[in-house]
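Participant: I'd like to go over a predicted model; first the sequence, then the structure.
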Amino acid sequence: MNFAQRTNHLRPEGAYQVLARAQELEAQGKDIIHLEIGEPDFATPAHVSLAGIRAIATGQTRYNPPAGMTPLREVIAEYAGRMRGILINMNQVVVSPGAKPNLFFPTLALVNPGDEVIYPDPGFPTYEAMIGVAGGKAVPVPLLEKNGFSFDLEAFDRLINSKTKLIILNSPSNPTGGVIPQHDLEHIAQAAIRYQAWVLSDEIYNQLLYDGLVAPSIASIPGMQERTIIIDGFSKTYAMTGWRLGYGIMPEELARRVGLLLTHSVGCTAHFTQVAGIEALTGPQDYVLMMVEEYKRRRDLVVKGLNEIPTVSCLEPQGSFYAFPNIQETGKSSDELANLMLEGGVAVLPGSAFGKYGEGYLRIVFANSYENIGKALRRMEKVIRGL
Ligand code: PLP
């Protein structure tokens, strides 16, 4: 078909491809443990769901402002500012159906054809997709295992230049679980200021952190708020993936432009979803703490189990619910090994689904029950010992 060029680079997300193959095997009677989809296995907290249900029952089901309803934007401005130690006003907040539109639209609003965009590799596949749709040149910067999967700063320094319009960061990271430390953020911030580049800082996992760690935000560094778009949302922290609720925080002028893109595309975010979002941010947080505690228990199990498998080694993820074990010593490509794991009854993603520098790794989601993770580790060990 004669498609517009701007969509020629688009590919499905690896997670959905593996899920489809896993479901085919399940239809043939095979038992598969699903560690491929990056989604909490917990239900949305009941008080949040009830707020949404009540909102539907009382007729909050109509159009509302494209950038979000005022009470939610106010609550987000206060919460997000408090978390990062910065001042945010509600006009800087753009609410969207999930975080994804807030990745796509600021990129469309800022990047001209030919502009360069630096992004993490391995990284969330939407980054490369949206850079391409905007007509930008995608410039991957490797994440280095030996630096806890922070940016390879030497490569970053080599690649940034006066054509760099945007730098995408994701900390804690999907797929590595790595957190970018403050001194690396300061290095990146200095370069962003020098080259007058924007930074899109995807912080959607910033509440899923372990061992008391805090993931610093580049927006908190002096001089950065006016060139940073913070992306956050409710999907991961509040187990609300299907509600579709996320937000971006950016300078007001850009927020107005992104609001126009929302006006002419999705129109607005569902009203009752936003009411549930207010409850999520202002209601009790003990459910979030419980989920994080449980993810930590599972993380410890995954990391210990993987490191006990010969030829596999796994850094301890500091945040998110992803482990990214190194499988180079198995002698198999990540694609081959992910396929063998699937045949062995565990669905995981090859690191190569996240970019060329993801080769040699697997991504394992530990948002599954402790018992299933234990079972999956035994199956994975059997696959590796059988090579
Ligand atoms: N950013 C990252 C790094 C993610 O991993 C995801 C979802 O997997 C998103 C953004 C998208 O979040 P949402 O479901 O709220 O659109």
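Facilitator: Looks like it came in fine.
Participant: now the stretch 101-250 of the chain, which segments are flagged as low pLDDT?
Facilitator: Regions of the stretch 101-250 of the chain meeting the criterion pLDDT under 70 are absent.
Participant: That one: helices as residue ranges?
Facilitator: Assigned by DSSP state H, counting those that start in this stretch, the stretch 101-250 of the chain shows helices spanning 126-133, 153-159, 182-194.
Participant: Which segments of the protein make up each domain?
Facilitator: As given by automatic domain parsing, the domain ranges for the chain are 5-43+286-385, 46-282.
Participant: Quick check, the residue in the stretch 1-150 of the chain closest to the ligand?
Facilitator: residue 98 (2.9 Å; C-beta to the nearest ligand atom). The C-beta positions use only the backbone N, C-alpha and C, and glycine is treated the same way.
Participant: Quick check: chain neighbours aside, which residue is closest to that residue?
Facilitator: Spatial nearest neighbour of residue 98, excluding adjacent residues (C-beta to C-beta, 6 or more residues apart in numbering): residue 244 at 4.4 Å.
Participant: Please tell me I have it right and that neighbour contacts residue 274.
Facilitator: No. Here residue 244 lies out of contact with residue 274, judged by C-beta atoms under 8 Å, at a distance of 10.4 Å.
Participant: Packed most tightly, which of the helices of the stretch 101-250 of the chain would that be?
Facilitator: Most buried of the helices of the stretch 101-250 of the chain by mean neighbour count (mean count of other C-beta atoms under 10 Å) is helix 126-133; its value is a mean of 21.
Participant: Centroid-nearest residue for the protein?
Facilitator: When C-alpha atoms, centre = their mean is applied to the chain, the residue found nearest the centroid is residue 174 (5.1 Å).
Participant: And for the closest residue to that residue other than its chain neighbours, the neighbour number?
Facilitator: Among residues not flanking residue 174 along the chain, residue 124 sits closest, at 5.0 Å (C-beta to C-beta, 6+ apart). By the criterion of other C-beta atoms under 10 Å, residue 124 has 22 neighbours.
Participant: which ones are touching residue 261?
Facilitator: With contact set as C-beta atoms under 8 Å, 6 or more residues apart in numbering, residue 261 has these partners: 105, 108-109.
Participant: so what's it scoring on pLDDT?
Facilitator: Residue 261 is assigned a pLDDT of 98 by the prediction.
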